[in-house]
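Q: fold the following, please.
(one chain, ligands or ions: 1)
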Amino acid sequence: MTTDQANASPAVDSPAADPDCIFCRIVRDDLPSRRVFEDDDMIAFHDIRPIAAVHFLIIPRLHVVSLAHCGEAHAPLLGRMLSKASTLAREQGLADGFRTIINTGRGGGQEVYHLHIHIVGGPRPLGAMLPREV
Ligand code: DGP
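A: Numbers count the residues shown, from 1 in each chain. Reported below is the predicted structural model:
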């Protein structure tokens with residue numbers, strides 16, 4: 001799916017899997033990943049391009065394009081993913097705090113069009129969220 005297609009028509013319905021999606025391939029174990037957790041709804045694995053000492057992703061097994069493509073029906077799944085983010089962050093050594101990021105759409109800098117939560121942190125506080133533009 002191209003960026004423009006992904007942004008074109010946010011909707012609750014999306015196919016359960018997209019054969020061209022790299023995260024769907026990771027879900028299927030078609031592509032290797034360093035998993036930290038998996039259950040029936042989601043998997044978590046280390047980011048291939050870490051921006052902090054600890055940087056992993058939580059993704060739904062279901063192919064959901066982005067947060068902008070979520071509706072009320074996704075609320076239980078999103079809740080479980082966020083709750084798991086907190087548990088896994090502690091297990092990965094981030095007891096002092098961590099940052100969760102969900103890049104959404106072209107404006108949000110999303111590169112992979114399969115919903116994912118970044119969990120990042122490390123031994124030092126992360127500091128300001130983003131450089132101020134205005
Ligand atoms: P985003 O900009 O939020 O769409 O970030 C996508 C992230 O996915 C980026 O930090 C790098 C990561 N990523 C991309 N391809 C792979 C992959 O094949 N394996 C793993 N583990 N991470 C990947």
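Q: how far away is the residue lying closest to Pro15 once chain neighbours are set aside from Cys21?
A: Leaving aside its sequence neighbours, Pro15 sits nearest to His63 (Cβ to Cβ, 6 or more residues apart in numbering; 5.7 Å). (C-beta placed from N, C-alpha, C; glycine too.) Counting by Cβ to Cβ, to the nearest Å, the gap from His63 to Cys21 is 6 Å.
Q: so what's the residue nearest to Pro15 up against?
A: Contact analysis of His63 by Cβ atoms under 8 Å, 6 or more residues apart in numbering lists Ser14, Pro15, Ala16, Ala17, Asp18, Cys21, Phe23, Cys24, His114.
Q: so which of those wins on neighbours?
A: His114 (25 neighbours; other Cβ atoms under 10 Å).
Q: check the secondary structure at that one for me.
A: coil (DSSP: H, G, I helix; E, B strand; the rest coil).
Q: can you give me the distance of it to the ligand?
A: 8 Å (Cβ to the nearest ligand atom, to the nearest Å).
Q: what's the closest non-adjacent residue to that residue?
A: Phe23 (3.7 Å).
Q: just checking, that neighbour touches Ile58?
A: No - contact criterion Cβ atoms under 8 Å: Phe23 and Ile58 do not qualify, at 10.8 Å.
Q: what do these two both touch?
A: Common contacts of Phe23 and Ile58 (Cβ under 8 Å, 6+ apart): His116.
Q: so where is this protein shaky, pLDDT-wise?
A: The chain contains residues with pLDDT under 70 at 1-14.
Q: quick check, central residue of it?
A: Residue closest to the mean C-alpha point of the chain, counted by Cα atoms, centre = their mean, is His116 at 1.5 Å.
Q: how close does that residue sit to Asp41?
A: Taking Cβ to Cβ as the measure, His116 and Asp41 are separated by 13 Å.
Q: adjacent strands (with direction) for the lengthiest strand in the chain?
A: Ranked by residue count and defined by DSSP state E, the top strand of the chain is strand 54-60. If you go by DSSP bridges, strand 54-60 pairs up with strand 42-46 (antiparallel), strand 117-121 (antiparallel).
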